[in-house]
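1. When you get a sec, could you give me coordinates for this:
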Amino acid sequence: MKLDSSGPDVVVVQQFLTVAAGLFPGVSSPGDIDGDYGPLTQAAVSSWQQLVGTDVDGEWGPGTRAASLAYLTAQGRTLADVLHGIAA
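-> All right, here's what the predicted structure looks like:
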């Protein structure tokens, strides 16, 4: 997903980033959870990419997903934990 994408997959990414912004310093908020991949979502993805150590391009693709899962696992968290706002 990238700038100007929209739909339910964007909603999931925005939900994830909203919770991640509260758990991990340096991760910015994607703004409203509205299913539109706008500039705030792009900036939030970029901040998350920087944290997890993957290429920073503002796009949520396979590399970002893989790096996210690896980072969360190393932190003792799962994707479900973050989506539910559970801090380990």
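2. switch to C-alpha atoms for all contacts and neighbour counts from now on
-> Fine.
3. following the longest helix belonging to the chain, which helix or strand comes up?
-> When the chain is parsed with DSSP state H, its longest helix is helix 8-23. Along the chain past helix 8-23, the next helix or strand (assigned with DSSP states H and E) turns out to be helix 39-52.
4. Just list what the longest helix of the chain packs against, helices and strands only.
-> helix 39-52, helix 79-83 (3 or more Cα pairs under 8 Å, 6 or more residues apart in numbering; DSSP states H and E).
5. which regions of the protein sit below the pLDDT cut-off?
-> Residue ranges of the chain with pLDDT under 70: 85-88.
6. can you list contacts of the longest helix of the chain?
-> Residues from elsewhere that reach helix 8-23, judged by Cα atoms under 8 Å, 6 or more residues apart in numbering: 1, 27-37, 41, 44-45, 48, 82-85, 87.
7. mind running it again at 7 Å?
-> The list of residues contacting helix 8-23 from outside it, by Cα atoms under 7 Å, 6 or more residues apart in numbering, reads 27-30, 33-37, 41, 44, 82-83, 85.
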